[in-house]
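A.B. asks: structure, please.
(2 chains)
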Amino acid sequence: GQQVMQIPQYQHVQEGEDFTTYCNSSTTLSNIQWYKQRPGGHPVFLIQLVKSGEVKKQKRLTFQFGEAKKNSSLHITATQTTDVGTYFCAVSGAGSYQLTFGKGTKLSVIP
Amino acid sequence: GAVVSQHPSWVICKSGTSVKIECRSLDFQATTMFWYRQFPKQSLMLMATSNEGSKATYEQGVEKDKFLINHASLTLSTLTVTSAHPEDSSFYICSARDGPGAYQPQHFGDGTRLSIL
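C.D. replies: Below you'll find the model as predicted:
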């Protein structure tokens, strides 16, 4: 099945600092989705990227899809305590509707 | 919109008991639902894809006789953990897509925390 590596596994930041998580695949992806899971909660869909080199923004969150469609990043500017949680990327290969989730990056924000 | 309800939220039962978990799409029809298992501090592992009106597709290593999936309607899929043992204790979570396209996002239920004593 589709493989995706997500780094880092954990990130502790001071409130106000920036945060970035990366996902990498050895194969070309048809799309990539990002989800956020709060502690004790369920994953919530954030965004989907489909086009090569695509950049999308949601307030302080910036999502990028690599030109080769093999990697993606999620960047949070000036983190807040409400950003705490685990961020997962999820990918599907060409012709597949199944998602393979990365291991996730757990973000802790120190007030 | 796109709400998925999962029930029950918590189950604690004795070893050997069979446990049924329900996953419902409340405001949309879902021809395909997915069942995941998540261990503490780990990612979601796809167990099976539940297809309305047909047999589920199980991932490699998942025992289909152990984890029975039924998708009898466009809004309901059930996962039954048969003769559960302590090693089956985990967080089980379902999801559904609210459209037919492969690129549709998945909407997750709240999950079921299963503890087998």
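
A.B. asks: in the chain, where is pLDDT below threshold?
C.D. replies: In the absence of a named chain, this looks at chain A. For chain A, the stretches with pLDDT under 70 are A:1-2, A:93-96.

A.B. asks: switch to chain B, please.
C.D. replies: By pLDDT under 70, the weakly predicted segments of chain B are B:1, B:100-102.

A.B. asks: is the most centrally placed residue in it in a helix, a strand, or coil?
C.D. replies: The centroid of chain B falls nearest to B:Trp35 when counting by C-alpha atoms, centre = their mean (3.4 Å). Following DSSP: H, G, I helix; E, B strand; the rest coil, B:Trp35 is assigned to strand.

A.B. asks: which residues are in contact with it?
C.D. replies: B:Trp35 makes contact with B:23, B:46-50, B:67, B:69, B:77, B:79, B:92-94 under the criterion C-beta atoms under 8 Å, 6 or more residues apart in numbering or on different chains. Quick note: C-beta positions are derived from backbone N, CA and C, even for glycine.

A.B. asks: ok, what's across the strand from it?
C.D. replies: Here B:Trp35 sits in beta bridges with B:Ala48, B:Cys94, going by DSSP bridges.

A.B. asks: which non-adjacent residue is nearest A:Gly85?
C.D. replies: Among residues not flanking A:Gly85 along the chain, A:Arg38 sits closest, at 4.4 Å (C-beta to C-beta, 6 or more residues apart in numbering or on different chains).

A.B. asks: tally of neighbours for that neighbour?
C.D. replies: 13 (other C-beta atoms under 10 Å in any protein chain shown).

A.B. asks: how about A:Glu15?
C.D. replies: Around A:Glu15 there are 12 residues (other C-beta under 10 Å).

A.B. asks: quick one, phi/psi of it?
C.D. replies: When read as degrees, to the nearest 10, the backbone of A:Glu15 gives phi -60, psi 130.

A.B. asks: one more: A:Asp83?
C.D. replies: phi -80, psi -10.

A.B. asks: before we move on, what about the one 3 residues further on?
C.D. replies: Taking degrees, to the nearest 10, you get phi -110, psi 130 for the backbone angles of A:Thr86.
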